[in-house]
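Trainee: Please work out how this folds:
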Amino acid sequence: MDSVDWIVLCRRIVGRQRDLFAASRSIRARTEYEGRGEGGDMSLVLDRRCEDVVFEELEASLRGGPSVIAVSEERGEVAIGSGEAALRVIIDPIDGSMNMRRMIPSHSLSIAIADGDSMAAVGFGFVHDFGAEEEFAARKGGGATLNGESFEADPLDHGLEVVGIESAEPGWAGPVIAALESHAYRLRVVGSIAITMSYVAAARFDGMLSARPCRSVDAAASQLIVREAGGAVDVGGLELERAPLGLDARYTVAAVRRAEHLDRILSAQATGPAVPD
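Mentor: Below you'll find the predicted structure:
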């Protein structure tokens, strides 16, 4: 995993994606679709262009080096290199595509590097918030950082003063919000799972949950950032070793800055509509 300077690679991608956003400065320019991606969602032209940047930088950095399996929202699983792949690169080129399309600042690049096919195998996580221009990153066993600086070691416990909710369609989120009544003081909807989980890591949010299942690419990087910052995560009630990183995987996610608040978050999450088989 250390044969590539992953954070330098991610920063190059951020710079090139930033140029793409700067060249499309209106909702009309950003609302151009080109079909359905491998993840199942309608794909914007800008989604694909941002993904192209990721793959171009990966291929350049890995030339003559390790082979990887890239798992990305638009292309699916792609082998890069000619040897046996030892690593998986989990990519969400734009987490928060609706925000990006509607010129709402909070959208992110999320990249995770894993030496296996589970959330537990993620050894490096990177999330860049293009709205605040902030970088969240973590290495397994090495802690988490915000713009290169370590997070506050032991922030004050405010209970569930601020809780983030994602996948916030009214029909899904309504029962969850009702279940948090009298337990959470304020709710926030960012529109990017990767950013919201990173806010938990930074103790800006005391907890977060998705009101419906998400893909592995949405949370693979940020779940490591939360854990390396001292928080706790839940991935569909699964042990992290059993939570796959494949694009077909779907599970709810939840995170808290302090583990003692996780049961309350999960209790609210469980009130959401049943997930179809």
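Trainee: Output the contacting helices and strands for the lowest-mean-pLDDT helix or strand in the chain.
Mentor: Sorting the helices and strands of the chain by mean pLDDT, DSSP states H and E puts strand 33-36 at the bottom, at a mean of 78. If contacts are counted by 3 or more Cβ pairs under 8 Å, 6 or more residues apart in numbering; DSSP states H and E, strand 33-36 sits against strand 42-44, helix 45-62. For every residue, glycine as well, the C-beta is placed using N, CA and C.
Trainee: what sits against the residue nearest to the spatial centre of the chain?
Mentor: The centroid of the chain falls nearest to residue 194 when counting by Cα atoms, centre = their mean (3.0 Å). Shown in contact with residue 194 (Cβ atoms under 8 Å, 6 or more residues apart in numbering): 92, 95-96, 108, 110, 127, 218-219, 221-222.
Trainee: What residues are bridge-paired with the closest residue to residue 188 other than its chain neighbours?
Mentor: With Cβ to Cβ, 6 or more residues apart in numbering as the criterion, residue 188 has its nearest non-adjacent residue at 5.1 Å, and that residue is residue 164. Beta-bridge partners recorded for residue 164 (DSSP bridges): residue 188, residue 208.
Trainee: ok, residue 140 touching residue 123?
Mentor: Yes: the pair residue 140 / residue 123 is scored as a contact, 4.4 Å apart, by Cβ atoms under 8 Å.
Trainee: Which residues are in contact with each of these two?
Mentor: residue 224.
Trainee: Show me where the stretch 101-250 of the chain has its helices.
Mentor: Secondary structure of the stretch 101-250 of the chain (DSSP state H, counting those that start in this stretch): helices located at 170-180, 193-201, 216-228.
Trainee: so the shortest one versus helix 216-228, what angle?
Mentor: If I follow you right, that is helix 193-201. 10 degrees (axes from the mean of the first three to the mean of the last three Cα atoms, to 10 degrees).
Trainee: how far does stretch 235-246 stretch from start to finish?
Mentor: 14 Å (Cα to Cα, to the nearest Å).
Trainee: just stretch 82-92 next, same as before
Mentor: 24 Å.
Trainee: and it, how far out from the chain's middle?
Mentor: 18 Å (Cα atoms, centre = their mean, to the nearest Å).
Trainee: okay, and for the chain, where does confidence drop off?
Mentor: Counting by pLDDT under 70, the chain shows low-confidence ranges at 1, 36-41, 274-277.
Trainee: hang on, the earlier thing: surely the residue nearest to residue 188 meets residue 193?
Mentor: No: between residue 164 and residue 193 there is no contact under Cβ under 8 Å: 9.1 Å.
Trainee: So if I had to pick from those two, which one is more boxed in?
Mentor: residue 193 (29 against 25; other Cβ atoms under 10 Å).
Trainee: got the contact list for the more buried one?
Mentor: 95, 166-167, 210, 214, 218-219, 222, 253.
Trainee: so what's it closest to, chain neighbours aside?
Mentor: In space, residue 193 is closest to residue 218, 4.3 Å off (Cβ to Cβ, 6+ apart).
Trainee: And that neighbour, how close does it get to residue 192?
Mentor: Distance from residue 218 to residue 192, counting by Cβ to Cβ, to the nearest Å: 8 Å.
Trainee: more neighbours, the two?
Mentor: For residue 218 and residue 192, the more surrounded residue by other Cβ under 10 Å is residue 192, and the numbers stand at 31 against 27.
Trainee: With adjacent residues omitted, what lies nearest to that one?
Mentor: residue 96 (3.4 Å).
Trainee: likewise residue 10?
Mentor: Per Cβ to Cβ, 6+ apart, closest to residue 10 is residue 126, 4.4 Å.
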